[in-house]
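J.: Give me a model of this one.
(one chain, ligands or ions: 2)
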Amino acid sequence: MLEITELETGYGKKQVLFGLSLEIRAGEVIALIGPNGAGKSTVLKAVCGLISVWKGEIRFNGSPTQGASPAQNVARGITFAPQGSRVFADLTVMENLRIGGFQLPRKEAMERIAQVLPLFPVLKERLRQDAGRLSGGEQQMLALARALVSKPKLLLLDEPCLGLAPNLVGTVFKKISRLNEDLAVTILIVEQKVREVLKICDRVYSMKLGRIAFVGIPEDLKGDKAKLKELFL
Ligand SMILES: Nc1ncnc2c1ncn2[C@@H]1O[C@H](COP(=O)(O)OP(=O)(O)OP(=O)(O)O)[C@@H](O)[C@H]1O
Ligand SMILES: [Mg+2]
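T.: Ligands and ions are numbered 1, 2, ... in the order given. Prediction:
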């Protein structure tokens, strides 16, 4: 579904990714881990078209994404939920969801919202409430639901549990896992909470200084503290 080949990019004159390759098959949940500043968010931004590709190639279902705007990529099925992505506090839960479907005809957006809502019972009961009155965990659920309303084929999640109380992290991860199964969404998830993300992903890529330092399955890392430490040094 997604094929990144020898990607080089960065900001201004500063190069951040140095020939990074990564592949995602339809239906997979892929975790992208690694230390702060390794370039994880930069990979997601390049995939969705927020920053340009300097060298190399990104292909989505066979065709290059380079040169397409983020909106065009959403229309093709790539949705990005950025790090610390927040909801619109002064808008209601329903209005927030409608924003997720801004590119769809009204009827289709409403149908999609009806399809997504059963996965989020906490939201279903509070559609008319201002999103700012939801708890942190509930707002995170809303951000996820909003991303799903756009009908992504590939969902790029950047630290969806950032700032959440530890007791909520498990709930959000379980939810993410269900999205993958129930809505057939392929997921690329950047996460610092390695132990949690290893429970829900099919494969894991670890980055260091703008390059892939490790590719494997969660079982390669689970319980291997020494290996994990090495990846994060
Ligand atoms: N908008 C920007 N302008 C200039 N440099 C940037 C910008 N965003 C990120 N960088 C730099 O690019 C490098 C990679 O950043 P990136 O955000 O991709 O890292 P990350 O792996 O997501 O880190 P974290 O785990 O802290 O979120 C860092 O050195 C960072 O300072
Ligand atoms: Mg980041």
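
J.: chain center to the longest helix seen in the chain, what's the gap?
T.: If you go by DSSP state H, the chain has its longest helix at helix 166-182. Remark: helix 166-182 is offset 13 Å from the chain centroid, using Cα atoms, centre = their mean, to the nearest Å.

J.: And for stretch 172-183?
T.: Relative to its chain's centre, stretch 172-183 lies at 12 Å (Cα atoms, centre = their mean).

J.: Also stretch 181-195?
T.: How far stretch 181-195 lies from its chain's middle: 7 Å, per Cα atoms, centre = their mean.

J.: can I have that stretch written out in PDB, keeping just the CAs?
T.: Extracted as PDB, the C-alpha positions of stretch 181-195 are listed here (Å, rounded to 0.1, in the frame of the first residue of the first chain):
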ATOM      1  CA  GLU A 181     -10.000  -4.700  12.200                       C
ATOM      2  CA  ASP A 182     -13.500  -3.200  12.100                       C
ATOM      3  CA  LEU A 183     -12.900  -0.400   9.500                       C
ATOM      4  CA  ALA A 184     -10.100  -2.100   7.600                       C
ATOM      5  CA  VAL A 185      -7.800   0.900   8.000                       C
ATOM      6  CA  THR A 186      -4.100   0.400   7.600                       C
ATOM      7  CA  ILE A 187      -2.200   2.200  10.300                       C
ATOM      8  CA  LEU A 188       1.300   3.700  10.600                       C
ATOM      9  CA  ILE A 189       1.700   4.800  14.200                       C
ATOM     10  CA  VAL A 190       4.500   6.800  15.800                       C
ATOM     11  CA  GLU A 191       4.800   6.000  19.500                       C
ATOM     12  CA  GLN A 192       7.100   6.500  22.400                       C
ATOM     13  CA  LYS A 193       5.100   4.100  24.600                       C
ATOM     14  CA  VAL A 194       7.000   1.100  23.100                       C
ATOM     15  CA  ARG A 195       5.700  -1.600  25.300                       C
END
